[in-house]
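S.K.: Would you be able to build a 3D model of this:
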Amino acid sequence: MAYTGSCACGAVRVEIASPALAARQCWCSHCQKLAGGGPMHNAFFRTDDIILTGELASNSYIADSGTEIRWYFCPACATHVFAGADIRPHMRAVRIGIFDRPHDLKPEMAIWTQEAPAWAAIDPALERYPAAPLPPPALPQS
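M.R.: Residues are numbered from 1 along each chain as shown. Alright, predicted model coming up:
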């Protein structure tokens, strides 16, 4: 399936023709801040497969693992587009909410559940990790 999408104002567009490597729901405290209190929903894709148009701004933080995580967003409307870690330059965590519908993306697991608030309703069908699991594998080049 091919994926297309945009930020809320349409200034940034994304196109991806490859399948997702994985899709995750993240409950870490930092993602909760960025998502306004709930989890962040990400689909992982190879960096080289993502075609972006429009300008992006970025910011970063150092995760508990010591890894620098940089997230990218539209400077006009502040919609998050994707995030990436310097130690995994071959992959990006694209925010599922930017994609046009219909699409087949949905979280396969919930991570950092130990940081979820007591009221969090996490789908019992999702595989759960109290902290970070291993990163998704890179797909072979096509």
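S.K.: Relative to A93, how far out is the residue nearest the centre of the chain?
M.R.: The residue lying closest to the centre of the chain (C-alpha atoms, centre = their mean) is N42, at 2.8 Å. According to C-beta to C-beta, to the nearest Å, N42 and A93 sit 4 Å apart. C-beta coordinates here come from the backbone N, C-alpha and C atoms, glycine included.
S.K.: Which neighbours do those two have in common?
M.R.: 24, 83 (C-beta atoms under 8 Å, 6 or more residues apart in numbering).
S.K.: any idea how far the helix or strand bottoming out on mean pLDDT in the chain is from the chain center?
M.R.: Least confident helix or strand, the chain: helix 29-34 with a mean of 92, by mean pLDDT, DSSP states H and E. Taking the mean of its C-alpha atoms, helix 29-34 sits 12 Å from the chain's own mean (C-alpha atoms, centre = their mean, to the nearest Å).
S.K.: Stretch 32-52 too?
M.R.: 2 Å.
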